[in-house]
Every structure is written in structure tokens, then in C-alpha cells.
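>>> generate coordinates for the sequence data below:
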Amino acid sequence: MSYMTEERRLIQETAREFAMREVLPLANKLDPEQGEIPMSLRDQLAEMGYFGIVIPEQYGGLGLGVFEYCLITEELARAWMSVASIIARGNGLIGSRAMNEEQKRRYLTRMAKGEFLGAFSMSEPGAGSDIANISCRAKRDGDSWVINGSKYWCTFADGADYIMIVARTSEPPDNRRRHLGLSTFLIEKPRGALPEGCQGNPIPKIGYFGWKTFELAFDNCRVAGECLVGEEGRAFYTVAQGLEKARAHTAARAIGLARGGLEDAIEYAQQRVQFGQPIAEFQAIRFKLAQMATEIEASRQLMYHVCDQIDQKQRCDKEASMVKLFASEMAERVTSEALQIHGGAGYTKLHAVERYWRDARLTKIFEGTSEIQLRIISDHLLGRPDK
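Modelled structure (predicted):
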């Protein structure tokens, strides 16, 4: 625990108390009925400063590091992963690093207050991990850009105040540089609606409730030239800059989910009596719990190391992929074991463990699948293959 200062412990304890008091009861009520995160909770998150954890103080944020961001994320995810995810819609959403100074002054101060939250739209029906395959187009028209094409997996598209979209603005120079020619745009819109020139429908998900995830269709959606974020044609690098933080954030969410499963399983095992004694006294259950706790702690220590490297401005894309892979795979195993300890009761919506299990499965998919993380790690170890 050498990474933990007294200030960080206080941040962690404050987030834990908030999550268990304010978030968990709402999650237990709203997730089973697929209700949405209420505005009152969003306002509380804003009051806590959780939308501006890593935003510099000069723009109204807390000016803390990715380490503190992930400490808070873990605690919120232990209660409800969707709430641990919504704070990323402030905190300088992916792409914000590329903003010019005028854009930062205009947007970041409002993000930090929770007044300007975003949705990120990059994936498409034919482009998930293969970012270079994006087909959505943005074409210049005078001082504006006109966007046409389809997007998929855009969570919070309706509730956000803007959508950050990645679209192709020029053809790549050759097949080896397919990632060039993509650009990022910030499209402001009314909260609760989609932008003009955009239609969408919610995707029927099996979890990650609390908000909706959309498929979007842009049809001559016109945005001002000043909505371009970063250098034209180089969005791939803009997105890549934020991936280390995003993967650490996902690891923290996975750890929080696993912790929820473990803590609930311990409580249930101590209460559930079979064959005349609590099942916590059976060696098989005790060993399961010991293994679960060990895997959680190992993931947490790796996450701390990666967060520290990010905050020290050290390159750690390999390590960020490792912690995302390790923590998400761990979370699925641990929450599955937690459900097993609950027995038939775990396979109902009467216990939160099924929520942790459902949401843990998603951590293996978003921010790059486990297979993509293995590709990144192996490329570091062996070099890129010729093809």
C-alpha cells in the first residue's frame, strides 16, 4: 500500500461512504427495472467534484491524478458500474486533450461542474476495434462540416450535452496508414435530445442499465468549423492519447464490481445455513472467498502501478493493457463465483450479485476487448507481425 497517502485514503473513504449511502440503494432499486440514473444523483456527483477529478484547477476541476480518479471509480463501481462510468462523461472525455485553449476555457469549466457532459461516438456496425475502418464521413461545406453515416454503441447519446464523434474527413494515403484521415468533432446539443440531423434508437442491452446505449444515423448533420477538435485527419492519435486512462478506468470499474461480488458473498455465506451450519464454515466456500480476495488485491496493486505511471507521464500502454485484461478477466471469474456461492438466490434479481456478474462481463468488451489487449501486449513482447 505504499502508493496510499493519507490524502488518498481520505478520498477513498469519502467515495466509499458516498457510494454505499447514496448510490447502492438507487442501484438496487433502479437496475432491476432498467431505470435511469436520476438527475438528483448527477447533481450530487457534481457537488462532490467527481466530474472534474482530473480536470486542472485552472479550469475549475480538482486537479488530481488518474490515481485518485481510479480510487473513486472503484468505490462507485462497487455500488453501480453505470455511475462509475458516468463520471467519465466529464473529466475531459476522450479527445479533450486535443482541444485548443479557447475550447478548454469554453468546455472544461462546464464539464468540471457537471453542466456539460458528453457521449463518445466512435464505433460503427462495421468498425469496433478496427478504428481505421470507420466509414462515417464529414465533408467541408464552406465554414461548416456536414456529417453522414451510422454509429453504434453510443452510450448516453440522449442525456449528454454534446456528442464527441470520430468521422473520416479524407481518404488514407495508403493501406498501411489507414488510421490517417479521421477527425474528431464536438457536437453540442440539447440535453435529452439528439442533434439536428441525427436520429437514433436504443440498443436492447443485457446489462449496463441506468442509461441508454444508442445506434445513431447522421443525415446531413451540419456542425460549425470550430467544432473540430485537434488536428484534422489525426483523430487516431487524439483517441490513442486517452486510452491508457480509459483502460485504467475500466480496470477500476472491474475491481469495484468484483469487490461487490466478494463482499456480498461473504455476507451471504455467513447468513446462509445448510446442514446445520453457515456455509462460510465449509472449506470449499472459504477457499473460494480466499481466492477471490487474492485476485482482487492483485488486480488493485497492478492498477495502482499503472495509475502512478500515467500520472508520472511515463509511457505504459503495455501495462495499461495488462491491467485492463487482468482486472476484467478477474472480475468475470470473481462475480461468477460470488453468484455460485449465492446458489439459486444469485440467479434472481433479489440480490445485487447478478448485476455485478452482468456488468463484469462487459468490462471484457469495451475499451478494447480482451483479445485486443492480448494483441497489444504480444506486439510489445514480440514486435508486430508482418501482416
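
>>> so what's Ala224 bridging to?
Bridge pairing for Ala224 (DSSP bridges) gives the partners Ser144.

>>> now do the contacts for it.
When the contact criterion is Cβ atoms under 8 Å, 6 or more residues apart in numbering, the partners of Ala224 are 143-145. Where you see a C-beta, it was placed from the backbone N, CA and C, and this is true even at glycine.

>>> same question, Glu263
Taking Cβ under 8 Å, 6+ apart as the definition of contact, the neighbours of Glu263 are Arg78.

>>> what's the helix or strand for the residue nearest the centre of the chain?
Nearest residue to the geometric centre of the chain (Cα atoms, centre = their mean): Ser85, 4.7 Å. The secondary structure element spanning Ser85 is helix 81-86 (assigned by DSSP states H and E).

>>> helices or strands up against that helix?
Taking 3 or more Cβ pairs under 8 Å, 6 or more residues apart in numbering; DSSP states H and E as the contact definition, the neighbouring helices and strands of helix 81-86 are helix 39-47, helix 66-79, helix 243-271, helix 353-363.

>>> parallel or antiparallel, list what pairs with whatever helix or strand comes next after the third one.
Towards the C-terminus, the helix or strand next in line after helix 243-271, according to DSSP H and E, is strand 273-274. Partner strands for strand 273-274, per DSSP bridges, with pairing direction: strand 277-278 (antiparallel).

>>> I'd like to know how far Ala331 sits from Ser121.
26 Å (Cβ to Cβ, to the nearest Å).

>>> skipping adjacent residues, who's closest to Gly210 in space?
Taking Cβ to Cβ, 6 or more residues apart in numbering as the measure, Gly210 lies nearest to Ser82, with 3.3 Å between them; neighbours along the chain are not counted.

>>> for Leu262, same thing?
Spatial nearest neighbour of Leu262, chain neighbours left out: Met292 (4.9 Å); criterion: Cβ to Cβ, 6+ apart.

>>> now find how far off-centre the helix or strand where that neighbour lies is within its chain.
Under DSSP H and E, the secondary-structure element containing Met292 is helix 283-311. Helix 283-311 sits 19 Å away from the centroid of its parent chain (Cα atoms, centre = their mean, to the nearest Å).

>>> same for whichever helix or strand comes after it, what does it pack against?
Past helix 283-311, heading to the C-terminal end, the next element that is a helix or strand (DSSP H and E) is helix 317-342. Using 3+ Cβ pairs under 8 Å, 6+ apart as the contact test, the elements touching helix 317-342 are helix 243-271, helix 283-311, helix 353-363, helix 370-382.

>>> any idea of the angle the second one forms with helix 317-342?
Using axes from the mean of the first three to the mean of the last three Cα atoms, to 10 degrees, the inter-axis angle of helix 283-311 relative to helix 317-342 is 160 degrees.

>>> about what we covered before: the residue nearest to Leu262: neighbour count?
24 (other Cβ atoms under 10 Å).

>>> that one reaches Glu337, doesn't it?
Yes: taking contact to mean Cβ atoms under 8 Å, the distance of 5.7 Å between Met292 and Glu337 places them in contact.

>>> give the residues shared as contacts by those two.
Overlap between the neighbourhoods of Met292 and Glu337 consists of 261, 265, taking contacts as Cβ under 8 Å, 6+ apart.

>>> skipping its backbone neighbours, what lies nearest Trp357 in space?
Skipping the residues right next to it in sequence, Trp357 comes nearest to Thr335 by Cβ to Cβ, 6+ apart, at 4.2 Å.

>>> gap between the one you found and Ile255?
Here the distance between Thr335 and Ile255 works out to 11 Å (Cβ to Cβ).
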